[in-house]
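*Asks:* Show me the folded form of this:
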Amino acid sequence: MTAHTAQPPVRLTQYAHGGGCACKIPPGELESAVSMLVGPEPSGAVGELLVGLDDGDDAAAVRLENGLAVLATADFFTPVVDDPYDWGRIAAANALSDIYAMGGAPVVAVNLLGWPRTELPFELASEVLRGGLDVARAAGCHVAGGHSVDDPEPKYGMAVTGVAGPDRLLRNDTGQAGMPLTLTKPLGIGVLNNRHKATGEAFPHAVEAMVELNRAVSRAAVELGVRCATDITGFGLLGHLHKLARASGVSAIVEAGRVPYLDGAREALAAGYVSGGTRRNLDWVTPHLDPGRADDAELLLLADAQTSGGLLIAGEVPGHRVVGELVPARTDGVTLTVR
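*Replies:* Reported below is the predicted structural model:
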């Protein structure tokens, strides 16, 4: 990859009300708003819809007549770091992750850019786009154009199209009791990013975690015969695992002591750098949560809104941490147990 520029005098995070995936619409509100979009397929549609909106999976999947599945996703967000090149890299890795979370390979991406052109130099936007391009190239994904708007708040991301074997998809509705749960990146990105936004402190190890592609672990999971996975982004580990367990008709146990965290995450939490998105995540899952002996701090870390986090895989992948397991569904509506 091309070396990035020095830290700019402009702090991009100060132009955003939230940061990264923590600025997502709360999951409960979102599910209510999009519920009307589930329905019969359009007449004359090309291919068969394999994965749509029903279970809130990571990307849509359509089986074509040639036996290939086309994947489609879009992801964009406000600045999560002040460096424009790094923000571009993070946003691109995050968008590509939806394809990897489905067990696919990205083919082509288009940029999505909102920019306050009278407030911020467009040279910074060029750096954002350059960061996205470099990560997409590293992923073997074409970047071809996109769309931009004059926006009072900077936003950047990508719409990505990928391909996968329709019978080798990683889905969030195929989990079964007895499967181990593997987490491929440490948590804590959200609290570190929130500290960065508030103080300007840099956390290079958090940036490196966010720009790391989930390509290799996705391929490994597919080759091992895994068929259930999701990625951990704005709804946190608890939120995304709740969606997976609910879609699969099972419950899940999280072994809190086995969950890895980035250096400094607990300190950032103790200092109060918790985003509103993280608190909303925990509020959303609380009716479905048996917290065991976990205190509020532990639960907030487990609900921490991640940006470009790792994959959560229902299966064991060598070299990555098993943090829990799927178990039979409970009759009381609880999908998550922390112990």
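*Asks:* Tell me which stretches of the stretch 151-300 of the chain form helices.
*Replies:* Counting by DSSP state H, counting those that start in this stretch, the stretch 151-300 of the chain has helices at residues 189-199, 204-211, 215-223, 236-248, 265-270, 276-285, 296-302.
*Asks:* Can you lay out those as TSV showing distance to Gly131?
*Replies:* Using the backbone N, CA and C atoms, a C-beta is placed for each residue, glycine as well. Converted to TSV, the helices of the stretch 151-300 of the chain look like this (distance: least, Cβ to Cβ, whole Å):
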stretch	distance to Gly131
helix 189-199	16
helix 204-211	9
helix 215-223	17
helix 236-248	25
helix 265-270	24
helix 276-285	23
helix 296-302	28
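*Asks:* Looking at these, spot the one closest to Glu65.
*Replies:* Closest to Glu65 of those is helix 215-223 (Cβ to Cβ; 22.5 Å).
*Asks:* buried set for stretch 55-66?
*Replies:* Neighbour-count burial for stretch 55-66 flags Asp55, Gly56, Asp57, Asp58, Ala59, Ala60, Ala61, Val62, Arg63 (criterion: 16 or more other Cβ atoms under 10 Å).
*Asks:* Could you do stretch 194-209 as well?
*Replies:* Quick answer for stretch 194-209 (16+ other Cβ under 10 Å): Asn194, Arg195, His196, Lys197, Phe203, Ala206, Val207, Ala209.
*Asks:* Quick check: of those, which lies closest to Leu224?
*Replies:* Checking the buried residues of stretch 194-209 one by one against Leu224 (Cβ to Cβ), the nearest turns out to be Ala209, at 23.2 Å.
*Asks:* And the closest one, how close does it get to Pro121?
*Replies:* The gap separating Ala209 from Pro121 is 28 Å, by Cβ to Cβ, to the nearest Å.
*Asks:* just Leu64 next, same as before
*Replies:* Counting by Cβ to Cβ - Leu64 and Pro121 are separated by 43 Å.
*Asks:* Take stretch 281-289, keep the C-alpha atoms, and write them as PDB.
*Replies:* Presented in PDB, the C-alpha positions along stretch 281-289 are these (Å, rounded to 0.1, in the frame of the first residue of the first chain):
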ATOM      1  CA  ASN A 281     -26.800  -1.800  21.700                       C
ATOM      2  CA  LEU A 282     -26.900  -3.000  25.300                       C
ATOM      3  CA  ASP A 283     -30.400  -1.600  25.800                       C
ATOM      4  CA  TRP A 284     -31.600  -3.400  22.700                       C
ATOM      5  CA  VAL A 285     -30.300  -6.900  23.800                       C
ATOM      6  CA  THR A 286     -31.000  -6.600  27.500                       C
ATOM      7  CA  PRO A 287     -34.500  -8.200  27.200                       C
ATOM      8  CA  HIS A 288     -32.900 -11.200  25.600                       C
ATOM      9  CA  LEU A 289     -29.800 -11.300  27.900                       C
END
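*Asks:* Pull the distance from that stretch to the chain's centre.
*Replies:* 18 Å (Cα atoms, centre = their mean, to the nearest Å).
*Asks:* What residues of it count as buried?
*Replies:* By neighbour count on 16+ other Cβ under 10 Å, the buried set for stretch 281-289 is Asn281, Leu282, Trp284, Val285, His288, Leu289.
*Asks:* now these as JSON lines including distance to Asp86 and pLDDT?
*Replies:* Converted to JSON lines, the buried residues of stretch 281-289 look like this (distance: Cβ to Cβ, whole Å; pLDDT from 0 to 100):
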{"residue": "Asn281", "distance to Asp86": "24", "pLDDT": "95"}
{"residue": "Leu282", "distance to Asp86": "28", "pLDDT": "97"}
{"residue": "Trp284", "distance to Asp86": "29", "pLDDT": "96"}
{"residue": "Val285", "distance to Asp86": "30", "pLDDT": "97"}
{"residue": "His288", "distance to Asp86": "35", "pLDDT": "98"}
{"residue": "Leu289", "distance to Asp86": "34", "pLDDT": "98"}
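*Asks:* Much appreciated, bye for now.
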